[in-house]
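K.L.:
Any chance you can model this:
(4 chains)
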Protein chains: 2
Amino acid sequence: MSYATKHIADALKAARESKGLSQRALSAKSGVPQGHISKIENGAVDLRLSSLIELARSLGLELVLAPRNALPAVKSVLRGAGNEISIRPAYSLDEDDHG
Amino acid sequence: MSYATKHIADALKAARESKGLSQRALSAKSGVPQGHISKIENGAVDLRLSSLIELARSLGLELVLAPRNALPAVKSVLRGAGNEISIRPAYSLDEDDHG
DNA sequence: GCATTTGATCCGTTAAAATATATCATGACA
DNA sequence: TGTCATGATATATTTTAACGGATCAAATGC
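P.N.:
Next comes the predicted model:
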């Protein structure tokens, strides 16, 4: 698979693990079969947009189409969002998104 | 077709038009058949990730996976990227302008 | 009036995603 | 030792994106 699709796959896997979800748990949440999630995370499939969005949503992620020249700024913002955990008090390390 | 996929489709179409490209021109650039581009822009197909990336790249766009709670900040940055035109001197309104 | 461009649509074929279901190896753990 | 959860695979089937290529209607231009 192409370099870009692999990047997305890695991001999905990292997001899942950071939430402490197993592939089967994510499967239950998203409706995507566990076996298929495994293939997706390993870049073994060229998944459809609807699958990607569904999976991303289940992980509290959104797909954004950004101009290439705006990427550095976007990444900078996302770095900040990632570090948000360190800003939070330790006693509220739970789930931050929707229900 | 889901609300989210439609959003992506619209973004692709807007990006293409803002570059003054016809569907056939984009087809030549990206390798994706014109008929298929039409379907994609109308949300008539659930396209594959590789197709989306290929098309986006041909339009100078990149796919980003962002935490939902970081979306406002990201959008704010992208708004700035869009306004980049106004920062540029008028005599260099070349490729990435908006009509 | 005729030719060109554009986006939308159709047909037939092929490749592959998505699915359900089951299995396997590994590691954790009581 | 046996059980359980995990991720990776296997098989078989259905669905459908992607493709080439043609066509069409509506603008646009000569």
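K.L.:
Can you list the low-confidence ranges for chain A?
P.N.:
By pLDDT under 70, the low-scoring segments of chain A are A:1, A:82-99.
K.L.:
can you point me to the longest helix in it?
P.N.:
helix A:3-18 (DSSP state H).
K.L.:
hmm, that helix touching chain B?
P.N.:
Yes: counting by C-beta under 8 Å from any C-beta of the partner chain, contacts between helix A:3-18 and chain B involve A:4-5, A:8, A:11-12, A:15. Bear in mind the C-beta positions are built from the backbone N, C-alpha and C, glycine included.
K.L.:
In chain A, which residue sits closest to DNA strand D?
P.N.:
A:G35 (2.7 Å; C-beta to the nearest atom of the strand).
K.L.:
what's the distance between that residue and DNA strand C?
P.N.:
4 Å (C-beta to the nearest atom of the strand, to the nearest Å).
K.L.:
burial measure for that residue, as a count.
P.N.:
Per other C-beta atoms under 10 Å in any protein chain shown, the neighbour tally for A:G35 reads 10.
K.L.:
Report whether it is found in a helix, as I expect.
P.N.:
Yes: per DSSP: H, G, I helix; E, B strand; the rest coil, A:G35 lies within a helix segment.
K.L.:
ok, it to chain B distance?
P.N.:
For A:G35, the distance to chain B equals 18 Å [C-beta to the nearest C-beta, to the nearest Å].
K.L.:
Give the other helices and strands that the helix or strand where A:S76 lies contacts.
P.N.:
In this assignment (DSSP states H and E), A:S76 forms part of helix A:71-82. If you count contacts as 3 or more C-beta pairs under 8 Å, 6 or more residues apart in numbering or on different chains; DSSP states H and E, helix A:71-82 packs onto strand B:61-67, helix B:71-82.
K.L.:
redo that, cut-off 10 Å
P.N.:
Under the contact definition 3 or more C-beta pairs under 10 Å, 6 or more residues apart in numbering or on different chains; DSSP states H and E, helix A:71-82 sits against strand A:61-67, strand B:61-67, helix B:71-82.
K.L.:
ok so, going back, got a quick ChimeraX command for the buried subset of the residues of helix A:3-18 next to chain B?
P.N.:
Listed next is the ChimeraX selection for buried residues among these, using 16 or more other C-beta atoms under 10 Å in any protein chain shown:
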select /A:4,5,8,11,12,15
